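> this is the structure alone, sequence omitted:
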Ligand code: BGC
């Protein structure tokens, strides 16, 4: 736990109590009040959007006027002086941050420094692949390294708190925020959580290359009904414990400093006021000892949910449930004083929250060293080392979905290669959501990277507009191979970008049709923040490269893969369903009493107009070489199973493979998923080389939660599958 860290000594606890004794009620409430640059959080909102918010009553006339200028921040300078603000979100200008810190430290009565929180989701100045992409690397070390670089760059800019990692298991690709997640598997998510916390925080938060992390969104935001953002969640607590809680548990065990509650309600109680899950589960059961922050304006929204009857009730409900900081809703600021004076909120509740926040400020070393040395920012950010890591991350996150042999491109054979599709010609499209801090000068687009290799680019079409016939003719008439970039723009995924239909726009489907009619080989490169339904591409293209949004080094990494200088090794962390209506689509589902064996099985669990299998399943990802699995062996030890398998690189390229281990508990008092990932190993094999890989599978990993929320490990028969994806067939059995 982070409180056990060496920084938080008894002496510091005394200092905290001393401060608390001297603080007025207003100053205490100030610590719980977080302010952002826009009325809904860290976004810069276009004026037209602000106008709509004003018209629909989401913001006041005053907020509207202020949001149009920088004044929303400047107006707060007096409040900092008065000790009425404890933290900011969304600031990234180091000079401004230092100015505000100086006011807090030198001009306010108590001299308490500010927390500066930012959405550093996949890199700061150096942009790494979006989380959904990076998760496909199945590379624990990489998860940690990219977080560590992001921490270093952000801290140098004066930011001391990141609103990451996002730990929402996401089984529904319609949900735009799947882009920010590590996909649909709790086991992978657990490792991801632990490594991200380590990468951001290290062992000592006061180290000026480390930063406080914030696991979000607690809890089950990814399970929003129908994949519609902010929507309600209704589920059994045992499922919540088995699927959605595990990454948070791992983050807490790794010492996460803060947790953000989610926008959704669970079983009727909004998470912002969910005492059961915040106090009883997060604090008491998991032992979390850090700061809880609400999501943006979520405290105020408790009234909109229909939970708290007015803003006073909302402030009381959130605080009493354990939400320490009100992110940008001004509800604590407006109401807590009166609530305490009327005896409706106990001062102890406020004191506990303040202490928790002060501990974090001490742990970060802010009392000794509140300012950043922004002159050093250039030395620290986008260094060669960071850029090399961005390249590595981009290479390892790319997933080869299909290949009939056209990839890697043989330049001897293909002399006239044509690249089409506007997405390839945009720096910002290489980034994906949440990349406001990106430094563009190091970014090479796919277009620029391929043109350097002699490929001809013609725009031909954008994301949604019709094909330009003249350009298409020019691009294709002499080409002997076409690379078509398809997919969605960066603004089609991320927060508030849920889609009911996740297939390609009609105009892009017709591009695919036209390419098919041409009869020339074509490769599709997909840019996207979520799994897409692409049956027409799967049926027509000779190869499909899932490029996601790979960040600063997107273009160069893809060029290396396309021309065979790097052998792709990414594996999907989400299913790619055949049709949007098949969402949620996840590999680790229960069998049901009537599973379908074929697409035409009647009276079975399936859609008449769908497919029983996704186009690409969890764990899928091809290589330019082939890997053979053999000699699967299981050895029982006292507390674990030792599973070994021989893997041979039987093809013509050296390369990485992600070996995956799945279990199936055949009969249990609660039906278990058909497969559950319980281990993975990434290894490098030269052509012809083989290695024996060992997985240690602790028996304690074989359990689940019953309806009394007890974790039970039941005796019985299990199947073990080991292979290259979640549909692998090499299998063995054992009895526990
Ligand atoms: C998002 C959070 C984010 C916060 C601050 C909210 O709208 O849900 O993930 O951290 O804004 O920007």
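Right, received. Where do you want to start? Quantities reported herein were computed from a predicted structural model and do not represent experimental measurements. Residues are numbered from 1 along each chain as shown.

> what parts of the stretch 201-350 of the chain come near the ligand?
Proximity of the stretch 201-350 of the chain to the ligand, by CB under 6 Å from any ligand atom, involves residues 216, 295, 296. Using the backbone N, CA and C atoms, a C-beta is placed for each residue, glycine as well.

> the last one contacts residue 328, doesn't it?
Yes: under the contact definition of CB atoms under 8 Å, residue 296 touches residue 328, with a separation of 5.3 Å.

> residues from the stretch 51-200 of the chain in reach of the ligand?
89, 90, 119, 163.

> buried subset of these as a ChimeraX selection?
Here is the ChimeraX command that selects the buried residues among these (16 or more other CB atoms under 10 Å):
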select :89,90,119,163
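
> pick out the most distant pair among the residues of the stretch 51-200 of the chain next to the ligand.
90 and 163 (9.5 Å; CB to CB).

> so what's in contact with these two at the same time?
By CB atoms under 8 Å, 6 or more residues apart in numbering, residue 90 and residue 163 have these common neighbours: 117, 118, 119.

> mind listing the strands for the stretch 251-400 of the chain?
Assigned by DSSP state E, counting those that start in this stretch, the stretch 251-400 of the chain shows strands spanning 258-261, 265-266, 269-270, 291-293, 326-327, 399-403.

> pLDDT of the fourth one, averaged?
Averaged over strand 291-293, pLDDT sits at 98.

> same question for the first one.
The average pLDDT for strand 258-261 rounds to 98.

> just curious, which of the residues of the stretch 201-350 of the chain next to the ligand is nearest to residue 193?
For these, the closest approach to residue 193 (CB to CB) belongs to residue 216, at 11.1 Å.

> so what touches the helix or strand harbouring that closest one?
Using DSSP states H and E, residue 216 maps to strand 214-218. For strand 214-218, the surrounding residues in contact (CB under 8 Å, 6+ apart) are 117, 161-168, 193, 197, 247-248, 251-252, 256-263, 271, 277-278, 282, 292-293, 295.

> go with 6 Å
For strand 214-218, the external contacting residues (CB atoms under 6 Å, 6 or more residues apart in numbering) are 163, 166, 167, 168, 248, 251, 256, 258, 259, 260, 261, 262.

> repeat for stretch 241-255
With CB under 6 Å, 6+ apart, stretch 241-255 has contacts from 1-2, 167, 169, 186, 189-190, 193-194, 197, 215, 219-220, 286, 288, 704-705.

> least trustworthy helix or strand in this structure by mean pLDDT?
Lowest on mean pLDDT, DSSP states H and E among the helices and strands of the chain sits helix 71-74, with a mean of 58.

> quick one, strands of the stretch 601-736 of the chain?
With DSSP E, counting those that start in this stretch, the ranges of strands along the stretch 601-736 of the chain come out as 627-636, 640-649, 655-665, 676-685, 690-698, 704-705, 711-712, 717-723, 731-735.

> tell me which of those is the most buried.
strand 655-665 (a mean of 22; mean count of other CB atoms under 10 Å).

> note down every partner strand of it and its orientation.
Using DSSP bridges, strand 655-665 pairs in its sheet with strand 676-685 (antiparallel), strand 717-723 (antiparallel).

> can you put the strands of the stretch 601-736 of the chain in CSV and add distance to residue 423 and mean pLDDT?
Shown next, in CSV, are the strands of the stretch 601-736 of the chain (distance: least, CB to CB, whole Å; pLDDT from 0 to 100):
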stretch, distance to residue 423, mean pLDDT
strand 627-636, 32, 98
strand 640-649, 34, 98
strand 655-665, 27, 98
strand 676-685, 29, 98
strand 690-698, 38, 98
strand 704-705, 42, 98
strand 711-712, 46, 98
strand 717-723, 33, 98
strand 731-735, 41, 97
